[in-house]
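Q: the sequence isn't on hand, but the structure is:
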């Protein structure tokens, strides 16, 4: 199976991509059909287990054995299928993520951190997804996770900048709180 090297000599890049995507599309259809059959199979297994098992069973979940009673399971549970095949659309995903990031940064810059639509966590997640599309799965090496302490500190900093309060005592309390949060973060 494969292409004759001479057959693709004078073909444009977009024609080659269309040919590759068509072949990947056929594989995706076959996998979807197989997944539909597996969904039906597991539905039958669920119904058989809930009808024919008379006592609790020990099952391993998250590395530990726990007692499970299949008799109380809902037999009408449904399964959704997500066929996660790479079909050569990584460029499209990367472009969509770039557009989303541009819109997020525009909203964040124009309306501020308290805009209710985009947070720094959303922007960080978009950046992590961009890395994942590029094949880099460990986004924490490049972008720090947005912890609640970090978010709280950023909110306090924003409030401090916005109010520019004349009450020095109140201002110094905010500074001490920020310093306390920083020292907590450094100690972890």
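A: Noted; the coordinates are in hand. The shown structure was predicted, so the numbers you read here are calculated from the model rather than taken from an experiment.
Q: all contacts plus neighbour counts: C-alpha atoms, from now on.
A: OK.
Q: residue 110: what secondary structure?
A: helix (DSSP: H, G, I helix; E, B strand; the rest coil).
Q: where in this structure is pLDDT low?
A: 1-11, 24, 83-88, 149-151, 158-188 (pLDDT under 70).
Q: now the helix of greatest length in it: buried residues?
A: Assignment by DSSP state H gives helix 13-52 as the longest helix of the chain. For helix 13-52, a neighbour-count test (16 or more other C-alpha atoms under 10 Å) marks 21, 24, 25, 28, 32, 35, 39, 43, 46, 47, 49, 50 as buried.
Q: go ahead and measure how far that helix is from the middle of the chain.
A: Put simply, helix 13-52 sits 22 Å off its chain's centre (C-alpha atoms, centre = their mean, to the nearest Å).
Q: and residue 67, what element?
A: strand 64-68 (DSSP states H and E).
Q: just checking: what are the partner strands of that strand?
A: Sheet pairing of strand 64-68 (DSSP bridges) gives strand 57-61 (antiparallel).
Q: now do the strand it pairs with: distance to the chain's middle.
A: Using C-alpha atoms, centre = their mean, the offset of strand 57-61 from its chain centre is 29 Å.
Q: and the nearest residue to residue 56 once chain neighbours are set aside, what does it touch?
A: Using C-alpha to C-alpha, 6 or more residues apart in numbering and skipping residues adjacent in sequence, the residue nearest residue 56 is residue 69, 4.4 Å away. By C-alpha atoms under 8 Å, 6 or more residues apart in numbering, residue 69 lies in contact with 55, 56, 57.
Q: can you put those residues in JSON lines and add distance to residue 15 and neighbour count?
A: Below are the contacts of residue 69 laid out as JSON lines (distance: C-alpha to C-alpha, whole Å; neighbours: other C-alpha atoms under 10 Å):
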{"residue": "55", "distance to residue 15": "60", "neighbour count": "11"}
{"residue": "56", "distance to residue 15": "58", "neighbour count": "12"}
{"residue": "57", "distance to residue 15": "56", "neighbour count": "13"}
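Q: may I see those organised as JSON lines, with distance to residue 93 added?
A: Putting the contacts of residue 69 into JSON lines (distance: C-alpha to C-alpha, whole Å) gives the following:
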{"residue": "55", "distance to residue 93": "48"}
{"residue": "56", "distance to residue 93": "45"}
{"residue": "57", "distance to residue 93": "44"}
